[in-house]
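Engineer: everything below, folded, please.
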Amino acid sequence: MPLISEKYPVDKNDLFITGLSMGGHGALYLFEQKPGLFRSAGSTSGVLDLSSSRNRYRIKNLLGLTGNAKSDSLLLMKYSVIGNIRKIAASGKEIIFSCGTEDPFYQVNNAFRKACDQSGVKAIYISAPGTHNYAFWHFSIKYHFDFFKSLVPDSSVLTKKIADADILSPTRKNARFIKNHGIKLQQVAVDVGDKRFIINVFTKKGKQKQKFIVVHDSEDAAFDTGLRAIKHGGTFIALENNENRSFYSYGSPKGSVHQDPNRMFNKDNPYWPVAQKIIELLKASPKELIFALHNNKPGGNFILDTIATWKNISILSDKDPDKRSLIWIPFSQPEPDQKLAKEISFYKKKGMNVVYEYVPQSERGDGSLSVYSSRHNIPYRNIEVEAGVRGDRKSELKSRRKQLKYLKAVRDFGIIL
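Structural biologist: So this is what the prediction gives:
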């Protein structure tokens, strides 16, 4: 490192290390020994358990294996990444590792992922079709660099903002609302390979500190509600996807990307770096309530009668005749506990519809923010209403007012964390 620092302009606060194959083992092992030297580390197709290759790579000679099963096993574990995983956990830092599903070390990497979960290591694991070759490494290493880049503070804040039709719409009056109430906008870019995704972060200093998010850029009333929700303070995050429901890349080339932003909240999703940035911007934690705002398509199947047939779903209140409006509550138990039952009873008396989602911890989930929040004990309430007609001010106002009415009910209850 001293030689590199002498030759290149290195910021010692932003050093990262990664490698492939045995180099992947070396990168993570060095990180375990010197966690204070690196901000993070990675491995692709790494030999993370040396016992899987005791007869390869001159390991026998390098470690001085004698053939005694017990002593050799202890020695292999001592110098294996998986045997020192507690050091990563103690650092509190997040790592990234990847492996192809046809790679001879795939099961070793799967075992390391399980060890990470058991040890409380924050880790991103990318598993995709591929074997132990440069084609897979060329594919996977890009995600390592994107992840490392996301950890560098303020590296993604845009100085030249991208125009947002949600703000400029003449019928919705959002530009005037932002100006009149002193709301600040910061745009953050997240690069994933050649693709670039934009996150709008609206903030207002004030007595209220709540957090709001809209993941689908096509849902206008949700956006308008989020802005008005921070009138007296708070943070509102909205993905800028060129008014599309799916992702839109502002990279080269520009264009739509076939990925629902509300299905990327699994660490093995290729767009996890975007999800991770959102979680970071929300400062999501068990002590912070997150409001997700959604609009469902008129005439679509997102209606209480249909939702009731879905797995692990219970309709706990259907008092509102408008079956497309509801409060969605995910939770890690099959039934609400006493505290949550009291909250649901409050909404029921207010004439609200309430959907309860049981999120089993053993299942992978659908990649939604609601499932991610439940699994990480992050308080989360999703407020859904039927979308208005774009450009029809009367219809837009009706949808926004309905969403604000539901939001007010949740605020009036006053969830205590």
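Engineer: residue contacts, the residue lying closest to residue 326 once chain neighbours are set aside?
Structural biologist: What sits nearest to residue 326 in space, not counting adjacent residues and going by CB to CB, 6 or more residues apart in numbering, is residue 353, at 4.0 Å. Bear in mind the C-beta positions are built from the backbone N, C-alpha and C, glycine included. Taking CB atoms under 8 Å, 6 or more residues apart in numbering, we find residue 353 in contact with 304, 315, 317, 318, 319, 320, 322, 323, 325, 326, 327.
Engineer: neighbours around the nearest residue to residue 302 once chain neighbours are set aside, how many?
Structural biologist: Leaving aside its sequence neighbours, residue 302 sits nearest to residue 296 (CB to CB, 6+ apart; 3.8 Å). Other residues near residue 296 number 19, with proximity taken as other CB atoms under 10 Å.
Engineer: quick check, residue 296 in contact with residue 383.
Structural biologist: No: using CB atoms under 8 Å, residue 296 is not in contact with residue 383; the gap is 11.2 Å.
Engineer: and for the strand or helix carrying residue 345, what's in contact with it?
Structural biologist: Using DSSP states H and E, residue 345 maps to helix 338-349. Under the contact criterion CB under 8 Å, 6+ apart, helix 338-349 has outside partners 316-317, 319, 327, 329, 331, 336, 354, 356, 409-410, 413, 415.
Engineer: before we move on, what about stretch 63-71?
Structural biologist: So stretch 63-71 is in contact with 50, 54, 59, 72, 75, 76, 79, going by CB under 8 Å, 6+ apart.
Engineer: nearest to residue 218 among those?
Structural biologist: Within the contacts of stretch 63-71, the smallest distance to residue 218 is 50.5 Å, found for residue 50 (CB to CB).
Engineer: pull the contacting residues for that closest one.
Structural biologist: Shown in contact with residue 50 (CB under 8 Å, 6+ apart): 25, 59, 63, 76, 79, 80.
Engineer: most neighbours, which of the contacts of stretch 63-71?
Structural biologist: residue 50 (26 neighbours).
Engineer: can you tell me how far that one sits from residue 63?
Structural biologist: 8 Å (CB to CB, to the nearest Å).
Engineer: ok, residue 99 next?
Structural biologist: For residue 99, the distance to residue 63 equals 23 Å [CB to CB].
Engineer: between these two, point out the one with more neighbours.
Structural biologist: For residue 99 versus residue 63, the count of surrounding residues by other CB under 10 Å is larger for residue 99: 30 against 15.
Engineer: quick one, phi psi at that one?
Structural biologist: Per-residue torsions, residue 99: phi -160, psi 140 (degrees, to the nearest 10).
Engineer: for it, give me its contacts.
Structural biologist: With CB under 8 Å, 6+ apart, residue 99 has these contacts: 44, 45, 46, 105, 106, 108, 109, 110, 126, 127.
Engineer: which of those fall in strands?
Structural biologist: The strands, defined by DSSP state E, take in 44, 126, 127 from these.
Engineer: how many other residues sit next to the residue nearest to residue 101 when sequence neighbours are not counted?
Structural biologist: Nearest non-adjacent residue to residue 101, counting by CB to CB, 6+ apart: residue 129, 5.5 Å away. The number of residues packed near residue 129 is 9, by other CB under 10 Å.
Engineer: need the contact list for residue 129.
Structural biologist: Counting by CB under 8 Å, 6+ apart, residue 129 makes contact with 100, 101, 102.
Engineer: in the sheet, who's paired with the first one?
Structural biologist: Here residue 100 sits in beta bridges with residue 128, as judged by DSSP bridges.
Engineer: from residue 230, how far off is it?
Structural biologist: 44 Å.
Engineer: and the spatially closest residue to residue 386 that is not a sequence neighbour, how close does it get to residue 221?
Structural biologist: The shortest distance from residue 386 to any non-neighbouring residue, by CB to CB, 6+ apart, is to residue 324 (4.2 Å). Counting by CB to CB, the gap between residue 324 and residue 221 amounts to 12 Å.
Engineer: looking at these two, which is more packed in?
Structural biologist: Between residue 324 and residue 221, residue 221 has the larger neighbour count (other CB under 10 Å), namely 27 against 21.
Engineer: okay, and the more buried one sits in which element?
Structural biologist: helix 220-229.
Engineer: alpha carbons of that helix, as CSV, please.
Structural biologist: Taking Å, rounded to 0.1, in the frame of the first residue of the first chain, the C-alpha atoms of helix 220-229 are listed here in CSV:
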residue,chain,number,x,y,z
ASP,A,220,-48.8,10.5,-9.9
ALA,A,221,-51.1,10.9,-6.8
ALA,A,222,-48.5,9.0,-4.7
PHE,A,223,-45.9,11.5,-5.7
ASP,A,224,-48.1,14.5,-5.0
THR,A,225,-49.1,13.0,-1.6
GLY,A,226,-45.4,12.4,-0.7
LEU,A,227,-44.6,16.1,-1.4
ARG,A,228,-47.5,17.3,0.7
ALA,A,229,-46.7,14.9,3.5
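Engineer: which strands or helices does it pack on?
Structural biologist: Helices and strands touching helix 220-229, by 3 or more CB pairs under 8 Å, 6 or more residues apart in numbering; DSSP states H and E, are helix 165-168, helix 174-180, strand 211-214, strand 234-240, strand 290-296, helix 393-413.
Engineer: tell me the centre residue of this structure?
Structural biologist: residue 275 (2.9 Å; CA atoms, centre = their mean).
Engineer: tell me who's in contact with that residue.
Structural biologist: 264, 265, 269, 369, 372 are the contacts of residue 275 under CB under 8 Å, 6+ apart.
Engineer: list the contacts for the fourth one?
Structural biologist: In this case it means residue 369. 213, 215, 262, 265, 275, 290, 292, 380.
Engineer: need these in CSV (columns: distance to residue 90 and pLDDT).
Structural biologist: Output for those, formatted as CSV (distance: CB to CB, whole Å; pLDDT from 0 to 100):
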residue, distance to residue 90, pLDDT
213, 32, 98
215, 34, 97
262, 34, 97
265, 26, 96
275, 26, 96
290, 29, 96
292, 34, 98
380, 29, 96
